[in-house]
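1. Here is the input, now give the coordinates:
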Amino acid sequence: MNRQLNINSYTRVSVILQEILLILFCSLSLHSQELAKGKITDTVLCKKQPAQKYALFLPANYNALAKFPAIMIFDPGGRGTVAVKAFRPAAEKYNLILVCSYNSKNGPLNDNFTAASAVIDDLTARFSIDNKRIYCAGFSGGSRFALSLASTTDFISGVIGCGAGLPNDNRLYPSGKSRFAYYGTAGFKDMNYLDMFDLMDFFNSRTQVTAFLRTFDGGHEWAPPDILQDAIEWIILQSMKKNEIRQDTAFISLMYKKSQDRVGKLLSTGNLIDAERYMQYAVRDFSGFRKVNDLTGSVSKLVQSKDFRDANKEWTSIATRERQTEDKYISSIRKIVYSGTVSDTLIRWLRNEVSSLKTMKERSVTSSKYMASRLLNFISIFCSEQGSAYYGQNYFELSGFFFEVCTLSDSENMNNYFNYAKSLAGQKRKREALNELSLAVDHGLSDRKSIENEPAFALLRGEEKFKVILNRLK
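-> Residues are numbered from 1 along each chain as shown. Sure thing, here's the model as predicted:
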């Protein structure tokens, strides 16, 4: 018997053995993994598809004899544990199972649908789930996907969407038959702030979706845990209204009081626009649970007041101006994209626009401050997307221009300086690249390996300042 193996045979055997070991490892991991109650399990592998994984939170009193509601969460960066932590306080209070896929993130939609399918299959196979109370939630691109999932399936009864509205593909829009509950959140400084109001109009005019929009003092981010708890409580209230769960009079009374307190606080601070909207929601949401005649009268009185009419006129004016300004920026940036060149005139104009917005942000009244913040965020995100596209094609001068604008419009974001440094290195502008890389560290970049392993910085590694920057990260 010939015991000699040639190199090719050895390689094939080695690969087969590695595959067998991987399968055994995944199988052992699945069977030995303890899914603790009352705390977050960082990584759970799907039984049927081990390449699909998710973060998990099981409530402390979870048991297989009862049915538990569940929320599937989608984060644009696939940050499973981060997203689950945001919902954990409410999940502990209301006994919800939380899962967030690591495989679902901004990118190809098919990958996201595959990830969602794997997670829901694993969730329902492993745990005792209330099939009438499966919800989903998402932030930014994850918010758009959560809405896409609810719109194209029939098992999602509620959605919590943070910082983004309709899907980019209109084939994934909710239809006239859509009936799920939707709780949206948007920060006053979020560039998608007005998009969320457009989404509410879409729901009201084209669907049977019951929707609520909650705004808060923040930017493009997950809503704070207390607002996420409000979102979950509102969805529970909707479940009671649909008779999916037993009505709890104490809970309903508590929710009504919270609603009234929220409105009262807004009225006392002069935020009449949000106060009126929440009052209208309360009339709708508590009708059938209790008498709302007094609340209906309060809404009518507020809407007819001069203060409200003035506030609404100002809000409409700001919204119109903001949309027109966004369109102007899109048009100007598209001229660069289509021509592949940047004129000196356009460079000066865009830089002046950013400077004017920063001045408005610092010195204007509140409503204009928020608009300026949103437009600066809009410019930063839009230019970052264009810069990344040009960088991927090795057009370093164009990518450098867009990333420079990002550093001006969002001067606290370390990634903007890091990306600008890469583009400058691609242009062999070593001194300027090192300056921007140093600024990235100044603004929070702490991952030494991300600098050491970045191919664009090969040109810089022999420079003394490059070594100084690395030494700052020891």
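2. Okay, helices next: where are they in the stretch 301-450 of the chain?
-> Ranges of helices within the stretch 301-450 of the chain are 306-339, 344-363, 366-392, 396-409, 414-426, 430-442, 448-452, based on DSSP state H, counting those that start in this stretch.
3. quick one, which of the ones you listed is nearest to Asp154?
-> helix 366-392 (33.4 Å; C-beta to C-beta). For the C-beta atoms, the positions are set from N, CA and C on the backbone; glycine is no exception.
4. in that closest one, what's buried?
-> Within helix 366-392, the residues that qualify as buried are 367-384, 386-387, 390-391, counting by 16 or more other C-beta atoms under 10 Å.
5. same check, this time on stretch 185-199
-> 185-197, 199.
6. Which members of those residues are positioned in helices?
-> Secondary structure from DSSP state H places Tyr193, Leu194, Asp195, Met196, Phe197, Leu199 of these in helices.
7. and of those residues, the nearest to Lys306?
-> Nearest to Lys306 among those, with distances taken as C-beta to C-beta, is Phe197, at 23.2 Å.
8. secondary structure class for the residue nearest to that closest one when sequence neighbours are not counted?
-> Spatial nearest neighbour of Phe197, chain neighbours left out: Leu213 (6.9 Å); criterion: C-beta to C-beta, 6 or more residues apart in numbering. Using DSSP: H, G, I helix; E, B strand; the rest coil, the structure places Leu213 in strand.
9. per-residue confidence for the residue most central in space within the chain?
-> Against the mean C-alpha coordinate of the chain, by C-alpha atoms, centre = their mean, the closest residue is Phe139 at 2.0 Å. pLDDT recorded at Phe139 is 97.
10. Look up which residues are beta-bridged to the closest residue to it other than its chain neighbours.
-> Ranked by C-beta to C-beta, 6+ apart and with sequence neighbours excluded, the top spatial neighbour of Phe139 is Cys162, at 4.3 Å. Note on Cys162: beta-bridge partners by DSSP bridges are Phe139, Thr185.
11. tally of neighbours for Cys162?
-> Cys162: 31 surrounding residues under other C-beta atoms under 10 Å.
12. so it makes contact with Thr185?
-> Yes. With contacts counted by C-beta atoms under 8 Å, Cys162 reaches Thr185, the gap being 4.8 Å.
13. quick one: common contacting residues for the two?
-> The contact sets of Cys162 and Thr185 overlap at Ala223 (C-beta atoms under 8 Å, 6 or more residues apart in numbering).
14. OK, contacts around the closest residue to Glu221 other than its chain neighbours?
-> Of all residues not flanking Glu221 in the chain, Gly187 sits nearest, at 6.3 Å (C-beta to C-beta, 6+ apart). Counting by C-beta under 8 Å, 6+ apart, Gly187 makes contact with Gly163, Tyr193, Thr215, Phe216, Asp217, Gly218, Gly219, His220, Glu221, Ala223.
15. at 7 Å instead, please
-> Tyr193, Phe216, Asp217, Gly218, Gly219, His220, Glu221 (C-beta atoms under 7 Å, 6 or more residues apart in numbering).
16. Relative to Val82, how far out is the residue lying closest to the fourth one once chain neighbours are set aside?
-> Here the nearest residue to Gly218 in space, its sequence neighbours aside, is Gly187; by C-beta to C-beta, 6+ apart that works out to 3.4 Å. According to C-beta to C-beta, to the nearest Å, Gly187 stands 17 Å off from Val82.
17. Would you confirm that Leu98 contacts Ala91?
-> Yes. If you go by C-beta atoms under 7 Å, Leu98 and Ala91 touch, sitting 5.1 Å apart.
18. who's more crowded, those two?
-> Under the neighbour definition other C-beta under 10 Å, Leu98 and Ala91 were set side by side, and Leu98 has more, 26 against 23.
19. In contact with the residue nearest to Phe197, which residues?
-> Neighbour list for Leu213: Gly184, Ala186, Met196, Phe197, Met200, Arg277 [criterion: C-beta under 7 Å, 6+ apart].
20. excluding its backbone neighbours, what's nearest the second one?
-> What it means is Ala186. Counting by C-beta to C-beta, 6+ apart, Ala186 lies nearest to Met196, which is 4.1 Å off, once chain neighbours are set aside.
21. OK, contacts around the one you found?
-> Going by C-beta under 7 Å, 6+ apart, Met196 touches Gly165, Gly184, Ala186, Leu213.
22. what's the distance between the third one and Leu439?
-> Taking C-beta to C-beta as the criterion, Ala186 is separated from Leu439 by 30 Å.
23. now the last one
-> Counting by C-beta to C-beta, the gap between Leu213 and Leu439 amounts to 37 Å.
24. now the first one
-> Gly165 is 34 Å from Leu439, where distance means C-beta to C-beta.
25. Which of these two has more residues huddled nearby?
-> Just comparing Gly165 and Leu439: by other C-beta under 10 Å the higher neighbour count belongs to Gly165, 22 against 18.
26. Verify the stated contact: that one with Phe197.
-> No. Counting by C-beta under 7 Å, Gly165 stays clear of Phe197, with 8.7 Å between them.
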